[in-house]
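Undergrad: structure for this input, please:
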Amino acid sequence: MTTSEPVGSMIHVRGLAKTYTGRKEPVHAVRGVDLDVTAGEIVGFLGPNGAGKTTTLQMLTTLLEPTSGEARVAGHDLRTDPAGVRRSIGYVAQGGSAGSDARVGEEMLYQGRFYGLTRPEAQRRTDELLERLDLGGLAGRDVKTLSGGQKRRLDIALGLVHSPALVFLDEPTTGLDPQSRSNMWGHIAGLRTRAGTTVFITTHYLDEADALCDRVLVIDDGRIIATGTPDELKRQVSGDLVALGVTGDPGEVLVLARRLPGATEPAVEPAPAAGLASAGGAGASRVTFRVPDGERVVISLLHDLESAGVALTGVSVHRPTLDDVFLTLTGRTLREEAA
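TA: Just a heads-up that it's a prediction; the model follows:
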């Protein structure tokens with residue numbers, strides 16, 4: 001590569017782009033992406049539908065040839081040594097990879113042999129991974145008889161059978177129930193703690209990225225528009241969300257809210273059918289705004305409202321979430337995109 005690769009880099013990308021040409025105007029799916037992932041990191045890759053997330057992932061895993069740009073993945077040049085990249089990474093596709101007509105143990109052995117492991121080596125890795133991923137005792141079961149969570153853990157086991165230093169997980173918990181999702185988070189975190197594996201994960205679940213990832217990359221319109229730890233990104237949102245349930249005229253609440261240092265312009269909404277301010281009945285409303293250090297600020301605000309004779313039906317303060325970050329950056333929420 002012509003650019004300097006950082007020491008300890010597992011993914012080093014500069015100017016990666018993909019353009020589709022046809023009879024109409026060219027489609028620029030990815031527009032010069034730069035990104036770095038350090039060995040041992042768990043990095044989340046987020047983006048709305050059509051943002052270039054899947055195209056970028058397919059290029060990094062050699063499934064799609066870039067139009068331009070340079071990249072080194074797991075120590076191998078993406079353009080000149082794609083076979084070296086494939087030998088060094090694990091890739092767990094969103095749709096899964098396990099054959100439904102095979103048995104669990106057979107599927108693992110076949111995968112190990114495809115990667116050049118001897119039969120004893122493949123058997124050792126099969127036994128080790130099935131036990132580690134809570135699939136012990138299922139080697140003789142047909143894949144099609146497994147539960148959704150078991151199948152997804154088998155997919156991950158297949159991606160790890162050759163002991164890759166870097167694994168790509170594409171929407172690893174989509175379709176799983178909450179308990180299975182939580183269980184999967186533990187297994188994903190364990191990839192690093194047990195083996196030092198670097199994990200590059202795409203997900204539509206913001207709580208997943210928040211819980212698992214050291215850093216998050218946000219892509220939109222083919223470009224990386226934000227990168228940082230979940231906390232760093234959340235600090236970019238202008239304060240905590242404060243919601244006050246009000247009966248009658250909210251005018252005094254608006255006046256006092258506007259005086260708060262750093263507060264956004266308050267908005268008045270009808271009270272939700274259930275929850276905050278619902279006890280107010282007809283004429284009830286909810287005043288919302290953002291303000292730095294909301295939990296501290298709201299204490300003095302409540303005192304001022306009480307002194308002004310304003311009765312509230314409810315108060316809530318919410319720290320910014322990654323979905324708030326996503327909304328601020330792209331004008332839409334990732335939950336809307338996932339629906």
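Undergrad: now do the helices in this protein.
TA: Listed from the start of the chain, the chain has helices (DSSP state H) covering 53-60, 82-88, 104-114, 119-132, 148-160, 178-195, 206-212, 230-234, 251-258, 294-307, 322-330, 334-338.
Undergrad: keeping just the C-alphas, turn the fifth one into PDB.
TA: In this case it means helix 148-160. What follows is helix 148-160, C-alpha atoms only, in PDB (Å, rounded to 0.1, in the frame of the first residue of the first chain):
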ATOM      1  CA  GLY A 148     -32.600 -20.400  16.000                       C
ATOM      2  CA  GLY A 149     -30.000 -19.600  18.600                       C
ATOM      3  CA  GLN A 150     -28.300 -22.900  18.200                       C
ATOM      4  CA  LYS A 151     -28.000 -22.500  14.400                       C
ATOM      5  CA  ARG A 152     -26.600 -19.000  14.900                       C
ATOM      6  CA  ARG A 153     -23.900 -20.300  17.300                       C
ATOM      7  CA  LEU A 154     -23.100 -23.000  14.800                       C
ATOM      8  CA  ASP A 155     -22.700 -20.400  12.100                       C
ATOM      9  CA  ILE A 156     -20.100 -18.600  14.300                       C
ATOM     10  CA  ALA A 157     -18.400 -21.900  15.100                       C
ATOM     11  CA  LEU A 158     -18.000 -22.600  11.300                       C
ATOM     12  CA  GLY A 159     -16.500 -19.100  10.900                       C
ATOM     13  CA  LEU A 160     -14.000 -19.800  13.700                       C
END
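Undergrad: residues of it that come out buried?
TA: 149-160 (16 or more other C-beta atoms under 10 Å). From N, CA and C alone the C-beta is placed, and that goes for glycine too.
Undergrad: hmm, G90 is touching P164, no?
TA: Yes - if you go by C-beta atoms under 8 Å, G90 and P164 touch, sitting 4.1 Å apart.
Undergrad: and the helices of the chain as CSV, adding mean pLDDT and distance to P172?
TA: Written out in CSV, the entries for the helices of the chain read as follows (pLDDT from 0 to 100; distance: least, C-beta to C-beta, whole Å):
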stretch, mean pLDDT, distance to P172
helix 53-60, 94, 13
helix 82-88, 96, 20
helix 104-114, 95, 17
helix 119-132, 96, 15
helix 148-160, 93, 6
helix 178-195, 92, 6
helix 206-212, 91, 9
helix 230-234, 90, 18
helix 251-258, 96, 42
helix 294-307, 94, 33
helix 322-330, 83, 17
helix 334-338, 53, 14
